[in-house]
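Enquirer: Next input, structure requested:
(chains A and B)
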Amino acid sequence: MKQAKLVALLLCGIVLVILPLLISNAFVLHLLILCLVYAVITSNWDLVVGYSGIFNFGHLAFFAVGAYSSAIVAISSGISPWWCLPIGGGIAVVASLVVALPSLRLRGLYFSLFTFAFQQIFYSLILINPGNLTGGSQGLMFIPALKLGSIVISRTNKFPSYYLALAFFLLSSIVLYRIVRSKAGLAFQALRDSEEYAISRGINPFKYKLGAVMTSAFFTGLIGAFYAHYMRIIGPAIIGWQIFILALAMLVLGGLGSLFGPMIASFGLLFVSEFLTSLGPYRFIILAFVMLFALLISPGDIVRKLQLATTAIRSKLRKPDDARMDGENSEATPRV
Amino acid sequence: MKPLLECKNVSKYFGDFAAVKNLSFEVFPGETYGIAGPNGAGKTTLFNIITGIPIHATSGHILFKNKEIQKLKGYQICHRGLARTFQIPNIIEGFSYLENVLLGSAFTKPTHAKSPRERAVEALTMVGLPEKKNMLARGSSLYDRKRLMLASALAANPESILLDEPVGGLNKLEIANLTTLFTELKTENITLIIIEHVMTTLMVISDRVMILQQGEKICEGSPEEVSCDPAVIEAYLGEDSSQLGVVI
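Expert: Reported below is the predicted structural model:
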C-alpha cells in the first residue's frame, strides 16, 4: 500500500513537471498556475480545518495579506520582489497571530465567527485604502515582476512562472506531508477528535493549534505573494465571496483531513469553474450547489473514496481475513 | 511516608450546587486507592478537578509530589506524572491502536532510554494488545477500548493513574483479566486511583477505599472496614442490605 502511494505520488510529480512541455496553449498554462496556487491555499486550509479541527473561515485573508504586503513592500521600497515573497509569508504569519492569539481559546462557532469577522475587516481595510496603500477598489497595479537574470516571471511569461508555482506547491506539500505524518500531526488530529483525551496525554492544545494556524498562514501568504508578482495586479476580489466559495468547494469536495484531496479538487474545480465562465457570476452559485449536493449525497472526500475503492478491489482479490487486515492497516502507519 | 497525591478541603461548585464538598484525602506511593459511591456522588468530578480536565476546583488545594497542581492546565498535570482514563473510552477512532498509545508516550518527557514507540509497544504488550498494534481503533470492542486507554496512560510513564470505571460494562472474564492486570501494575510501583461500581474488583485490588456521597466523604479505610460500615451500607446499598454479599 505504501509503495502504491509512493508510485502514485511520483507519477503525479512527473506529470506536473512535464505538463508545460506538452501544453502550448498559454491560457491553459495560466489555469494550471492558478490550480497550483489554489492547491497551496486549500491544502494549507485543510491543515487547519481538516487536520486540526479549527474552523478558520478567515483563511483567504492570509492569502490577501501575503499578496498585498508583498506588493506594497515591492512597490514602495523597491527591494527585489524575491525578498518580498518571504516577507509576504511572514506578514501573513503575523496576521495569523493577531487572529489566533485572542480567538483560539474560543470554541466552535465562536472561533469561526471571529475568523470570519477578521476576513471582513481585512476586506474593508483594502477598500478603505488607508494611507493610499491598497489602492482601494481599484487594487494595486504595476506590481514588480520576479526576475531571474533576464527571465521575467509573470503572467506574460508563463513557462517559468509555472515552474516557480510548482516549486512553491511542492515545498508546501512536502512540508505539510511531513507535518501530518509527524508527532505534530498526531497532536492535531487528536485535538480535533477528542481534545480532552489529547490534553490528558500531555498535548498542549494552544501550542499545537497556534502552530497549525501559523504554518498554514505562512504558505498561504507566500503563495499570495507569488500570485501578486505573477499577476502584477491585485484587487479586493482576491478575498471576495466568489473566491471564498470556490476555495471552500475545493476543500469540501476534496475532503477534510485528506491533504491530497483538496489539491486534486483544486485542479478539477478550477477547470470546471472556467468552463462555466460564460455563465458569469452564476457559475459560483452552480459551484455552491455542486458542493451542497456532494455533501448531501456523499459526505466524504476524493482520496478516501479512492482508498475505499482500492481496498474493496484488493479484498476481492485476497482471502477475506487478509483483506480485512490490509484495509484496517491502510492508514495505520506509526508516526513517531 | 509522604503522600503522592493530597487533596485538602477541595470543593467544586456549579452555581449553588456542590458536586464536591470540602473533600480531603491522601494517596500514598504504590498504593491502590479505590473510590466508590452512588451515581452523582462526585467521583468523576473529583477526577476532573484533580487532572484539570476539563475543570478546576472552586477551592482547596491539590498537591502531587508535594507541589500544588490545582491551577495547572491538564497537559501540565500529565507532564508531572499524573495520567487518567475516562469513563467512556475516549480513544481516537481514526488512529491505529499503536498511534492511540503513542499519544501517551510522544508528548511526555522521556525518562529513560526508550523511544516513544518502544514505550507504546511495551504498554500495548502490558495490556495484551501487541498483535493489534497496526489495526485501526475504529470498531474495536469496549474491552479493547478500555485497555487502549489504559495502555496510552501507561505509555505516558506516569507515577499515578486515575482510572474511571475501568471494568464497567465488561463481562466476567474481561473483568478478571483486568483485575489481574491491575494487580500486576501494583508490582510496577504505579499508584492507582480507581473509581469503580464493580465492587468485587474494587475491593480485591484496593489497599484503601473511600466512599463518596453527594460530594462528601462518608467513609475511608481498608476494604474490610468500609464494607462493614453502616453509613456505607445505608448510602451505597440503601435499606436493602441483603445485596451486600452480592456487590461487595
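
Enquirer: all helices for the chain, in order.
Expert: Answering for chain A, as no chain was given. For chain A, the helices defined by DSSP state H cover A:2-22, A:26-46, A:59-77, A:81-103, A:109-128, A:158-180, A:183-193, A:195-200, A:205-231, A:241-254, A:260-275, A:282-297, A:302-317, A:320-329.

Enquirer: ah, I was thinking of chain B
Expert: B:43-51, B:74-79, B:97-106, B:116-126, B:142-155, B:172-187, B:199-205, B:223-228, B:230-237, B:244-247.

Enquirer: Which one of those lies nearest to A:Pro262?
Expert: helix B:97-106 (22.9 Å; C-beta to C-beta). Yep, even glycine has a C-beta here, placed from its N, CA and C like the rest.

Enquirer: Show me what the closest one is packed up against.
Expert: On a contact count with 3 or more C-beta pairs under 8 Å, 6 or more residues apart in numbering or on different chains; DSSP states H and E, helix B:97-106 meets helix A:183-193, helix B:116-126, helix B:142-155.

Enquirer: Around chain A, pick out the residues from chain B.
Expert: Listed as neighbours of chain A in chain B under the rule C-beta under 8 Å from any C-beta of the partner chain: B:51, B:53-54, B:73-75, B:78-79, B:83-84, B:86, B:90-96, B:98-99, B:102-108, B:116-117, B:120, B:134-136, B:152-153, B:156.

Enquirer: For the spatially most central residue of chain B, give the beta-bridge partners.
Expert: By C-alpha atoms, centre = their mean, chain B has its centre lying nearest to B:Leu163, at 1.8 Å. Beta-bridge partners for B:Leu163, by DSSP bridges, are B:Ile194.

Enquirer: got a pLDDT number for it?
Expert: If you check B:Leu163, the pLDDT there is 96.

Enquirer: what about B:Thr125, distance to B:Lys186?
Expert: 18 Å (C-beta to C-beta, to the nearest Å).

Enquirer: tell me which residues in stretch B:167-179 are buried?
Expert: By neighbour count on 16 or more other C-beta atoms under 10 Å in any protein chain shown, the buried set for stretch B:167-179 is B:Val167, B:Gly168, B:Gly169, B:Leu170, B:Glu174, B:Ile175, B:Asn177, B:Leu178, B:Thr179.

Enquirer: correct me, but the fourth one touches B:Asp144?
Expert: No - taking C-beta atoms under 8 Å as the definition, B:Leu170 is not a contact partner of B:Asp144, at 10.7 Å.

Enquirer: what would the helices and strands packed on helix B:97-106 look like in a markdown table with mean pLDDT?
Expert: Formatted as a markdown table, the helices and strands packed on helix B:97-106 follow (pLDDT from 0 to 100):
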| stretch | mean pLDDT |
| --- | --- |
| helix A:183-193 | 94 |
| helix B:116-126 | 93 |
| helix B:142-155 | 95 |
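
Enquirer: For A:Leu9, find the nearest of those.
Expert: Per C-beta to C-beta, nearest to A:Leu9 of these: helix A:183-193, 17.1 Å.

Enquirer: list the contacts for B:Phe25?
Expert: B:Glu6, B:Cys7, B:Tyr33, B:Met210, B:Lys217, B:Glu220 (C-beta atoms under 8 Å, 6 or more residues apart in numbering or on different chains).

Enquirer: Looking at the first one now. What's its pLDDT?
Expert: Spelled out, that is B:Glu6. pLDDT, B:Glu6: 96.

Enquirer: cool, and the last one?
Expert: Predicted confidence (pLDDT) at B:Glu220: the value is 94.

Enquirer: Please report the distance of it from B:Pro158.
Expert: Distance from B:Glu220 to B:Pro158, by C-beta to C-beta: 23 Å.

Enquirer: Then the first one?
Expert: To B:Pro158, B:Glu6 is 17 Å away according to C-beta to C-beta.

Enquirer: same thing with the second one?
Expert: Distance of B:Cys7 to B:Pro158, given as C-beta to C-beta: 18 Å.

Enquirer: Output the helices of chain A as JSON lines; include the columns mean neighbour count and distance to chain B.
Expert: Below are the helices of chain A laid out as JSON lines (neighbours: other C-beta atoms under 10 Å in any protein chain shown; distance: least, C-beta to the nearest C-beta, whole Å):
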{"stretch": "helix A:2-22", "mean neighbour count": "11", "distance to chain B": "12"}
{"stretch": "helix A:26-46", "mean neighbour count": "23", "distance to chain B": "15"}
{"stretch": "helix A:59-77", "mean neighbour count": "26", "distance to chain B": "23"}
{"stretch": "helix A:81-103", "mean neighbour count": "21", "distance to chain B": "17"}
{"stretch": "helix A:109-128", "mean neighbour count": "17", "distance to chain B": "16"}
{"stretch": "helix A:158-180", "mean neighbour count": "18", "distance to chain B": "12"}
{"stretch": "helix A:183-193", "mean neighbour count": "23", "distance to chain B": "5"}
{"stretch": "helix A:195-200", "mean neighbour count": "23", "distance to chain B": "4"}
{"stretch": "helix A:205-231", "mean neighbour count": "26", "distance to chain B": "7"}
{"stretch": "helix A:241-254", "mean neighbour count": "21", "distance to chain B": "17"}
{"stretch": "helix A:260-275", "mean neighbour count": "22", "distance to chain B": "15"}
{"stretch": "helix A:282-297", "mean neighbour count": "14", "distance to chain B": "20"}
{"stretch": "helix A:302-317", "mean neighbour count": "14", "distance to chain B": "11"}
{"stretch": "helix A:320-329", "mean neighbour count": "14", "distance to chain B": "5"}
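
Enquirer: Which one of those helices lies nearest to B:Phe28?
Expert: Of all these, helix A:195-200 sits nearest to B:Phe28, with 23.0 Å by C-beta to C-beta.

Enquirer: Rounded mean pLDDT for the closest one, please.
Expert: Averaging pLDDT along helix A:195-200 yields 94.

Enquirer: elements contacting it?
Expert: Short answer (3+ C-beta pairs under 8 Å, 6+ apart): helix A:195-200 packs on helix A:183-193, helix A:205-231, helix B:74-79.

Enquirer: Just give me the neighbour total for A:Gly257.
Expert: Using other C-beta atoms under 10 Å in any protein chain shown, A:Gly257 has 22 neighbouring residues.
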